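Peer 1: what would the 3D arrangement of this be:
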Amino acid sequence: MDLTLSPSETEFRDEFRVWLEANQPGPEPAGEDAAFVFRRDWQRLLNASGWAGVAWPKEYGGRGATLIEQAIFYEELARAGAPSMANVLALAMGGPTLIAHGTEEQKQRYLSPILSAQEIWCQGFSEPDSGSDLASLKTRAVRDGDEWVVTGQKVWTTFAHHAKWCMLVARTDQDAPKHKGLTYFLMDMEQEAVQVRPLHQITGEAEFNELFINEARIPHENIVGGEGNGWAVAITTLMHERFTLAFGLQLQVQIAVRELTEKARTTRGATGQTAIEDPVIRQRLSQLMIEAEVLRLNSYRGLTAVMRHGVPGPEGSLGKWHWSEVAQSLAALAMDISGPHAQLVEDEWTYRFLRSHANSIEGGTTEILKNIVAERVLGLPRMR
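Peer 2: From the prediction side, this is the model:
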């Protein structure tokens, strides 16, 4: 594809860049609760100017931006160092899934509160025994009149402690093959039958959670995409997750490489030399620069595929897999540049190093993503 921006795309970029400069919210405050309020207010500011659902259809509160403009939007957010929005899972995954599979009544009911961050969403897919193999999940939903009664457990549920709604996949047909007996629900988190238990990470945060669901009730009208069609709807959610966030992530890597290069220029070791003078450090930095550029070009290749086919495809798995490896390599090199001193301080790079350990697990493990790329992109035979 031609990476040169058209006049209209340049105008879009410049308009958003000017808006960002005028509305930069400043540094994120310390503390998880304060940070959440900060991100929610930031999203509401974006939404008030029509930027929260930039690629959503105008009739649902979006801006109707093209895919190229959506990519520009995420790149400009990353370039400006802007914070994430509070309802990122609903914006990047839940909303697009509803737009693709939801009824008109569901779109009218749920999309506007997503944009305004009035109702936060989480994703109830992974289970203790069904993480990478999602189709083997055991959470059950049994029909009871106009409602479904749900019992089971979910884990690694990001932002569940803030969420009003959960994108929940449960088994509704025990006799059907495992991919066929699933249904995609919107579950109200604000009921006693749903208990949230935070999982504290190595960084000290509790970003992820366990969900314990004991006969929670979900109205039949809260099924998305039809009973028994949960696998196809869930795949839509996952494809949007890996595609939508790719552009911001690849630019964040490029920025991080530049920051790490500057750190190497200013950090001196026991010999008095700067880290950049070490040929091994220079080689590792050079390789990361190459990887960052490959990541950027592959992001645009994925965008080309979406423009051709109309929906995100399995190619998004390659970008997420590659990004997680590069991000982890960046953080590890930062620790090596700092030397033993890195064990004594808690700075931005220490946090990045600790947090990077989740990169190859969240959003699909690297092992599963490799299988997807092998089977669905390269056409290799299935492993089993």
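Peer 1: mind exporting the longest strand seen in the chain as CSV, just the C-alpha atoms?
Peer 2: The longest strand of the chain (DSSP state E) is strand 208-219. C-alpha atoms of strand 208-219 as CSV (Å, rounded to 0.1, in the frame of the first residue of the first chain):
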residue,chain,number,x,y,z
PHE,A,208,-6.6,-8.3,36.5
ASN,A,209,-9.3,-10.1,38.4
GLU,A,210,-11.0,-13.5,39.1
LEU,A,211,-14.8,-13.7,38.6
PHE,A,212,-16.9,-16.1,40.6
ILE,A,213,-20.3,-16.5,39.0
ASN,A,214,-22.9,-18.4,41.1
GLU,A,215,-26.3,-18.5,39.3
ALA,A,216,-26.1,-15.0,37.8
ARG,A,217,-29.0,-14.1,35.7
ILE,A,218,-28.8,-12.7,32.2
PRO,A,219,-31.9,-11.7,30.1
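Peer 1: and it, what does it pack onto?
Peer 2: In terms of contacts (3 or more Cβ pairs under 8 Å, 6 or more residues apart in numbering; DSSP states H and E), strand 208-219 is packed against strand 147-154, strand 182-188, strand 194-199. From N, CA and C alone the C-beta is placed, and that goes for glycine too.
Peer 1: hey, which of the ones you listed is tucked in deepest?
Peer 2: Stretch with highest mean neighbour count among the helices and strands packed on strand 208-219: strand 182-188 (a mean of 24; mean count of other Cβ atoms under 10 Å).
Peer 1: picking that back up, Serialize the helices and strands packed on strand 208-219 to a markdown table and add fields for distance to Glu76.
Peer 2: Shown next, in a markdown table, are these (distance: least, Cβ to Cβ, whole Å):
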| stretch | distance to Glu76 |
| --- | --- |
| strand 147-154 | 34 |
| strand 182-188 | 31 |
| strand 194-199 | 33 |
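Peer 1: ok, now which ones touch Lys164?
Peer 2: Going by Cβ atoms under 8 Å, 6 or more residues apart in numbering, Lys164 touches 119-121, 188-190.
Peer 1: quick check: the gap between it and Glu207.
Peer 2: To Glu207, Lys164 is 18 Å away according to Cβ to Cβ, to the nearest Å.
Peer 1: which stretches in the stretch 101-250 of the chain count as helices?
Peer 2: For the stretch 101-250 of the chain, the helices defined by DSSP state H, counting those that start in this stretch occupy 104-115, 230-244, 246-266.
Peer 1: on that earlier part again, ok, of the contacts of Lys164, which come out buried?
Peer 2: 119-121, 188-189 (16 or more other Cβ atoms under 10 Å).
Peer 1: just these now: which is nearest Arg40?
Peer 2: Of all the buried ones among the contacts of Lys164, Arg40 sits closest to Ile120, with 8.0 Å by Cβ to Cβ.
Peer 1: per-residue pLDDT, the closest one?
Peer 2: Predicted confidence (pLDDT) for Ile120: 97.
Peer 1: just checking, Thr274 touches Arg268?
Peer 2: Yes. Using Cβ atoms under 8 Å, Thr274 makes contact with Arg268 at a distance of 5.5 Å.
Peer 1: thank you, goodbye.
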